[in-house]
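Asker: Requesting a structural model of the entry that follows:
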Amino acid sequence: GASGGSNFTTPPAVAVRDAGDNLVPTSGLIVAASSSLGTVFGDSSVSTVAGYANFTYVFVNLAASHLLLFSYSGLIPAVSAAITVAVGPAADLSVSALAASVTAGTAFSTQPIVSVVDRGGNLVVVGSHAITAMALEAPRQPA
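Answerer: Residues are numbered from 1 along each chain as shown. Next up, the predicted model:
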């Protein structure tokens, strides 16, 4: 498992095997990792060493149950067991609606919407988070 936007807690590793299920101890084959639900980030393609491809820096953003597919040209892809990616701790703010223009002293006609998200952009719905808004003067355009 892991949390969105963070390395897998147990780095995936695959072995290159022949039709008799024997390890093929070759180096230099480029094995690629992909997800059933989206993009794999980090080092999603690694080179085998002595028949093993070790994915030490790889992660997905979407909090969900993923299947990882490992492929090398000409071989049948290997599929992992389901890997649960959970929502991680608060890491960032995401603005999904910007405030509309306003007349001084009145409320915005469109209120801003700000969400707390993890490193993968997943909405963090647990805990209490204080968000402070402040107004900054927009840069003036030359006349």
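Asker: Could you use CA atoms for every contact and neighbour count after this?
Answerer: Fine.
Asker: start to end distance for stretch 46-65?
Answerer: One end of stretch 46-65 sits 23 Å from the other (Cα to Cα, to the nearest Å).
Asker: What ranges does the chain have for its helices?
Answerer: For the chain, no helices are identified by DSSP state H.
Asker: ranges for the strands of it?
Answerer: 2-3, 13-15, 30-35, 41-42, 45-47, 52-54, 58-59, 65-66, 68-71, 78-79, 83-86, 92-97, 113-117 (DSSP state E).
Asker: Quick one: those strands as TSV, columns for mean pLDDT, mean neighbour count and distance to residue 136 too.
Answerer: As requested, these are arranged in TSV below (pLDDT from 0 to 100; neighbours: other Cα atoms under 10 Å; distance: least, Cα to Cα, whole Å):
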stretch	mean pLDDT	mean neighbour count	distance to residue 136
strand 2-3	92	22	34
strand 13-15	95	16	49
strand 30-35	96	19	41
strand 41-42	95	16	35
strand 45-47	97	19	44
strand 52-54	97	21	48
strand 58-59	95	22	36
strand 65-66	95	18	41
strand 68-71	96	19	45
strand 78-79	95	16	50
strand 83-86	94	18	36
strand 92-97	92	13	16
strand 113-117	92	17	17
